[in-house]
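> sequence and computational prediction follow.
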Number of protein chains: 2
Amino acid sequence: MEGDKASGCDGLVLINCFVSPYGNRVRIALKRKGLEFEEKPENLAAKSPLLLSSNPVHAKVPVLLVGGKPVCESLVILEFIDEAFPGAGEPLLPAAPCARAHARFWASYVDTKLPECAGRVWRSPKGAAAVEEGKKDLVAVLKTLEAELGAKPYFAGDALGYVDVALVPFAPWFLTYERLGGFSVAAECPALAAWAERCARENGCVAKSLPEPEHVFQFVCGMRKMFGLD
Amino acid sequence: MEGDKASGCDGLVLINCFVSPYGNRVRIALKRKGLEFEEKPENLAAKSPLLLSSNPVHAKVPVLLVGGKPVCESLVILEFIDEAFPGAGEPLLPAAPCARAHARFWASYVDTKLPECAGRVWRSPKGAAAVEEGKKDLVAVLKTLEAELGAKPYFAGDALGYVDVALVPFAPWFLTYERLGGFSVAAECPALAAWAERCARENGCVAKSLPEPEHVFQFVCGMRKMFGLD
């Protein structure tokens, strides 16, 4: 296993759920680095003893087990992968301290802003005012991200980097946001929509790591039904 | 200036507000590294053009200007300081990838949990149910942190490290949480209370960076009056 060769780790196991943008960040990063790993799919409605014992504080995916030792929190795991396997492929983060800070700032922006707004769109009862407000805020967040992307092919510049990997696993959720929020990401943020397509088209690690948008929507519909939101 | 020597930066300017736990993380880190910096105190009720232009996305302190170029978000700034000035004092983060991930996990825990619970205690109207619920959740968060601290003198082990610097600027707020929430941190979490005292007693960089708890309380009382919460 490449992971073993690179660091002496006993093996990499990713506890994930196929729709999780956070877990899929880690899938992308591991594949991009060419690191072999075993994936344990998690049923979030009945969490496994392995997940609960590996991440007792949050009880959330993803967890990356490294020789049995858990590393939790997706952005923390991305940094870990960069640092623990420096010989495996290009680093996700750039080298210069200012550029690293810039990338971390935007990944942190994604985490503090996007899921909260998006959650109001897809987790609110049908017809609730929160859906419309969530949509408005979500579009503003996506526009802010689009402005940061600018004319660059990737947030990192010419190739996929840390912010790209942090953000692109939300792209398969866009269809769900659009259907439940009544808007079009491509119409509101054409450059961001093109960036998401480019990420998947030009990077096998992305294409192979993300679920079909329609499957995410079906998953969300199932959850909404379970919680009586429709 | 040490900053110039270490990295070729033109100068360090910290935009901060004296009560900000986030800004005071950066003060501690800069002082611990022995880096000289100029501090620009910010009035959060009337934000300066410098703050708004330096951090247009969040319009929040702290911002560290490095040769005029802004670095934003306190944990991002701490990592930046470690990376940009490797020759200045001990690094905040440990060297081993697993230990770095562990420290980042707990700093992220502080940021995602503590301010939200604490905010319900100090920003809710007097007598609101949210105060009691916030207090309960806050005590649970502090107990989780106390369990992570365990019998160690510092979160990092024998000396002040990344998690200590991330958490200790909340200690001057404990008095405010206690008075508004009706509880005692020392009674609920004696080891954590002792840790906070140890941080200030044994580290000049902490003692010189934090406000008096009574001044924080007066500041919060002023804000509560302004917003009609009492």
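Arrived safely, thanks for sending.

> only C-alpha atoms for contact and neighbour calcs from this point on.
Will do.

> show me where chain A has its helices.
A:2-7, A:21-32, A:49-54, A:74-84, A:97-122, A:129-149, A:162-167, A:174-181, A:185-188, A:190-202, A:204-207, A:213-226 (DSSP state H).

> select, out of those helices, the one closest to residue B:155.
Comparing these against residue B:155 with CA to CA, the closest turns out to be helix A:74-84 (17.5 Å).

> ok, back up a step: could the helices of chain A go into TSV alongside mean pLDDT, distance to chain B and mean neighbour count?
Shown next, in TSV, are the helices of chain A (pLDDT from 0 to 100; distance: least, CA to the nearest CA, whole Å; neighbours: other CA atoms under 10 Å in any protein chain shown):
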stretch	mean pLDDT	distance to chain B	mean neighbour count
helix A:2-7	40	10	16
helix A:21-32	97	14	25
helix A:49-54	97	13	16
helix A:74-84	97	6	22
helix A:97-122	98	6	20
helix A:129-149	98	8	18
helix A:162-167	98	14	24
helix A:174-181	98	23	20
helix A:185-188	98	19	14
helix A:190-202	98	18	17
helix A:204-207	96	23	18
helix A:213-226	96	25	15
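
> including distance to residue B:209, could these go into CSV?
Output for the helices of chain A, formatted as CSV (distance: least, CA to CA, whole Å):
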stretch, distance to residue B:209
helix A:2-7, 39
helix A:21-32, 35
helix A:49-54, 36
helix A:74-84, 28
helix A:97-122, 23
helix A:129-149, 34
helix A:162-167, 32
helix A:174-181, 44
helix A:185-188, 45
helix A:190-202, 42
helix A:204-207, 44
helix A:213-226, 47
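
> would you mind measuring from residue A:47 to residue A:59?
Distance from residue A:47 to residue A:59, counting by CA to CA, to the nearest Å: 8 Å.

> follow-up on the earlier one: among the helices of chain A, which is nearest residue B:101?
helix A:74-84 (5.8 Å).

> what's that closest one in contact with?
Residues external to helix A:74-84 that are found in contact with it (CA atoms under 8 Å, 6 or more residues apart in numbering or on different chains): A:6-7, A:22-23, A:25-26, A:29-30, A:62-64, A:71, A:91-93, A:107, A:162, A:166, B:97-98, B:100-101, B:104-105.

> list the contacts for residue A:19?
Going by CA under 8 Å, 6+ apart, residue A:19 touches A:210-211, A:216.

> any idea how far it lies from chain B?
Using CA to the nearest CA, to the nearest Å, residue A:19 is found at 22 Å from chain B.

> again, but for residue A:89
From residue A:89 across to chain B, the span is 17 Å (CA to the nearest CA).

> burial count for that residue?
Residue A:89 has 13 neighbouring residues, counting by other CA atoms under 10 Å in any protein chain shown.

> pull the contacting residues for the closest residue to it other than its chain neighbours.
Nearest residue to residue A:89 in three dimensions, chain neighbours excluded: residue A:33, at 4.9 Å (CA to CA, 6 or more residues apart in numbering or on different chains). The contact partners of residue A:33, taken as CA under 8 Å, 6+ apart, are A:88-90.

> measure the residue lying closest to residue A:201 once chain neighbours are set aside to residue A:171 for me?
Spatially, and ignoring its direct neighbours in sequence, residue A:201 is nearest to residue A:207 (6.8 Å; CA to CA, 6+ apart). Distance, residue A:207 to residue A:171, using CA to CA: 11 Å.

> what touches both of these two?
Common neighbours of residue A:207 and residue A:171, counting by CA under 8 Å, 6+ apart, are absent.

> pop the domain breakdown of chain A in here.
Domain segmentation of chain A under automatic domain parsing yields A:2-84, A:97-226.

> among the ones you listed, which is nearest residue B:142?
domain A:2-84 (12.6 Å).

> distance between the closest one and the chain's centre?
13 Å (CA atoms, centre = their mean, to the nearest Å).

> about what we covered before: redo the contacts of residue A:19 as CSV? Include distance to residue A:111.
Shown next, in CSV, are the contacts of residue A:19 (distance: CA to CA, whole Å):
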residue, distance to residue A:111
A:210, 18
A:211, 20
A:216, 19
